[in-house]
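A.B. asks: give the three-dimensional model of this entry:
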Amino acid sequence: MLSRFSALDGLLRHTQPLWQVQPFHHLRLPWWQTHPALCEALAALALPDLQALEQDEAARAALLWPLVPEASELAALCHLPRLPSTLPPPAPAHVPGRKWSQIWAFAQQLGLAAGRGPGHLLEWCAGKGHLGRLLARQGHSVVSLEWDAELCLAARQLSTGLPQQAVQQDVMAAEATGWLAGARQAVALHACGDLHRHLIRQGAAQQVASLSLAPCCYHKHAHEHYQPLSQAAQASGLPLNRRLLQLPLQETVTAGARVRRLRWQELSWRLTFDALQRDLRGENSYLPLPSIAKGLLVGDLTAFIDWAAQTKGLILPAPLDLAPYQQQAQERLAQVLRMELVLGLFRRPVELWLVLDYALYLEEQGYVVSLGEFCERPLTPRNLLLQAHRRADSEAGGR
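C.D. replies: Model (predicted):
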């Protein structure tokens, strides 16, 4: 774990100028001086080429790896074992098919760790308790913690007759520690940001025998800058702010055609407003907009521009001719996608750096840790599974 982390950390620090870039802030590719061949190859790609490359990992690698010397080494460091699993049975009526496949694949890796020892199996950030219910059907006594009252009620209704207790509980509150103290194993499938980090810290503090988690949404962090857990990550000094913690999530491997179209439309509309606001303010700098409700994309461009202008306190001229700004946006859309192609090389390395930080921290706390991929990336790109077993328990189990 430590040698992999050290190699990954060194490469990420060396390549910071390539991936610590905000595409909307740049009107041209920012790497012409340092990587001219890369920029020439990117500049030759038209918008349809770029949109096709977004969906073709092999073609992206064939194009970019020869132009970014560190790319192949980063990919090798990110290669983890694919954990074996069987095809799931038909999904229950109340669980979406893709979600059910993720739950089934995740649960299949927990058999040895779950055991039948004293204490309950704790489902952390349970939602409707789908994972815990599957484990309860396998004979485990499960406590499912969920802060949302409606989701917790649904979990109770769905678990009738099963050894599953759905508890309304904010897992960040001190009371959650008591549930950890009585657990033989804690599991978390896609608990976000500080929720999974809190499980790691508090689970180790309570000496829970086994922890199994697939992290998600690393940017949901109380601090603007990432607070490493392990000694190695603390010593690294790799600067990761909340924006950079979003990098692993900015991919479309599971998105359907409609979702991709809406994404490209949102990019185009945001760039149209960006061109307009630079003109209105007489200042050639990016003016960030907040996240938007997807319902706003169902309307027309004018409604979006009105919303954006009101959000940033800008007065629009009347009449307003958006045509020249739309033209600028189309030209810049290709430029943004060119930069995002390069950023894509670093999404998994940044994610693995974070998960290795968790793994090394748990090793420091006396756990034996393993990492693997519990399902294929097209099912979910958040497919990293971290499993940790307290060293004394692991050694005893091996005798």
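
A.B. asks: list the contacts for the residue lying closest to Q250 once chain neighbours are set aside?
C.D. replies: Counting by CB to CB, 6 or more residues apart in numbering, R347 is the residue found nearest to Q250 once chain neighbours are left out, at 6.7 Å. To be clear about C-beta, it is placed using only N, CA and C from the backbone, and glycine gets the same treatment. Residues near R347 by CB atoms under 8 Å, 6 or more residues apart in numbering: 247-248, 250-251.

A.B. asks: okay, and the helix or strand of the chain with the least pLDDT?
C.D. replies: Using mean pLDDT, DSSP states H and E, helix 111-114 stands out as the lowest-scoring helix or strand of the chain, at a mean of 51.

A.B. asks: from the chain's centroid, how far away is whichever helix or strand comes after that helix?
C.D. replies: Using DSSP states H and E, the helix or strand that follows helix 111-114 in sequence is strand 120-123. Centroid separation for strand 120-123 versus its chain: 24 Å, with CA atoms, centre = their mean, to the nearest Å.

A.B. asks: kindly report the same for stretch 28-39.
C.D. replies: Relative to its parent chain, stretch 28-39 has a centroid offset of 28 Å by CA atoms, centre = their mean.

A.B. asks: show me the contacts of R347 that map onto strands.
C.D. replies: Of the contacts of R347, none are assigned to strands by DSSP state E.

A.B. asks: where along the stretch 1-150 of the chain do the helices fall?
C.D. replies: 2-14, 16-19, 36-43, 47-54, 57-64, 71-77, 97-107, 111-114, 130-137, 149-158 (DSSP state H, counting those that start in this stretch).

A.B. asks: least reliable of those going by mean pLDDT?
C.D. replies: Of all the helices of the stretch 1-150 of the chain, the minimum mean pLDDT falls on helix 111-114 (a mean of 51).

A.B. asks: bridged to the closest residue in space to L362 that isn't next to it in sequence, which residues?
C.D. replies: Computed as CB to CB, 6+ apart, the closest residue to L362 that is not its neighbour in sequence is A388, at 4.4 Å. When assigned by DSSP bridges, A388 has beta-bridge partners L211, V369.

A.B. asks: list the residues that contact the closest residue in space to A105 that isn't next to it in sequence.
C.D. replies: Spatially, and ignoring its direct neighbours in sequence, A105 is nearest to C375 (4.0 Å; CB to CB, 6+ apart). Listed by CB under 8 Å, 6+ apart, the contact set of C375 reads 85, 101-102, 105-106, 383.

A.B. asks: quick one: low-confidence parts of the stretch 201-350 of the chain?
C.D. replies: 252-256 (pLDDT under 70).

A.B. asks: where exactly do the strands run in it?
C.D. replies: 210-216 (DSSP state E, counting those that start in this stretch).

A.B. asks: report the backbone C-alpha coordinates of stretch 97-110 in PDB.
C.D. replies: Output of stretch 97-110 as PDB, limited to C-alpha atoms (Å, rounded to 0.1, in the frame of the first residue of the first chain):
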ATOM      1  CA  GLY A  97     -31.800  -2.700 -11.600                       C
ATOM      2  CA  ARG A  98     -28.400  -0.900 -11.700                       C
ATOM      3  CA  LYS A  99     -28.500  -0.300  -8.000                       C
ATOM      4  CA  TRP A 100     -29.400  -3.900  -7.300                       C
ATOM      5  CA  SER A 101     -26.500  -5.100  -9.400                       C
ATOM      6  CA  GLN A 102     -24.200  -2.900  -7.400                       C
ATOM      7  CA  ILE A 103     -25.600  -4.100  -4.100                       C
ATOM      8  CA  TRP A 104     -25.300  -7.800  -5.100                       C
ATOM      9  CA  ALA A 105     -21.700  -7.400  -6.300                       C
ATOM     10  CA  PHE A 106     -20.800  -5.500  -3.100                       C
ATOM     11  CA  ALA A 107     -22.500  -8.000  -0.800                       C
ATOM     12  CA  GLN A 108     -20.800 -11.000  -2.400                       C
ATOM     13  CA  GLN A 109     -17.400  -9.700  -1.100                       C
ATOM     14  CA  LEU A 110     -18.600  -9.600   2.500                       C
END
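
A.B. asks: give me the contact list for it.
C.D. replies: With contacts defined as CB under 8 Å, 6+ apart, stretch 97-110 is touched by 83, 85-86, 88-89, 91-92, 95, 130-131, 134-135, 138, 185, 187, 189-190, 212, 214, 254, 372, 374-375, 379-380, 385, 387.

A.B. asks: filter those down to the buried ones, ChimeraX style.
C.D. replies: Buried members of these, defined by 16 or more other CB atoms under 10 Å, are picked up in ChimeraX with:
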select :83,85,88,91,95,130,131,134,135,185,187,189,190,212,214,374,375,379,380,385,387
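
A.B. asks: may I see the buried residues of the longest helix anywhere in the chain?
C.D. replies: Using DSSP state H to define each element, the chain has its longest helix at helix 257-281. Using 16+ other CB under 10 Å as the test for burial, helix 257-281 gives 264, 267-278, 280.

A.B. asks: closest to A59 among those residues?
C.D. replies: Set against A59, the nearest of the buried residues of helix 257-281 by CB to CB is W264 (18.4 Å).

A.B. asks: let me see the contact set for that closest one.
C.D. replies: Applying CB under 8 Å, 6+ apart, the residues near W264 are 51, 333.

A.B. asks: also the one 5 residues further on?
C.D. replies: When contacts are counted by CB under 8 Å, 6+ apart, W269 is found next to 297, 301, 304-305, 329.

A.B. asks: now do P30
C.D. replies: 17, 21, 339.

A.B. asks: partner strands of the top strand by length along the chain, with direction?
C.D. replies: What stands out as the longest strand in the chain, according to DSSP E, is strand 183-192. Here strand 183-192 has these sheet partners by DSSP bridges: strand 120-123 (parallel), strand 210-216 (parallel).

A.B. asks: which one of those strands lies nearest to W65?
C.D. replies: strand 210-216 (26.9 Å).

A.B. asks: can I get that closest one as PDB, trimmed to CA atoms?
C.D. replies: Only the C-alpha atoms of strand 210-216 are listed here, as PDB (Å, rounded to 0.1, in the frame of the first residue of the first chain):
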ATOM      1  CA  SER A 210     -14.200  -5.400  10.100                       C
ATOM      2  CA  LEU A 211     -14.900  -2.400   7.900                       C
ATOM      3  CA  SER A 212     -16.100  -2.700   4.300                       C
ATOM      4  CA  LEU A 213     -16.800   0.400   2.200                       C
ATOM      5  CA  ALA A 214     -17.000   1.700  -1.300                       C
ATOM      6  CA  PRO A 215     -16.500   5.500  -1.000                       C
ATOM      7  CA  CYS A 216     -18.200   8.100  -3.100                       C
END
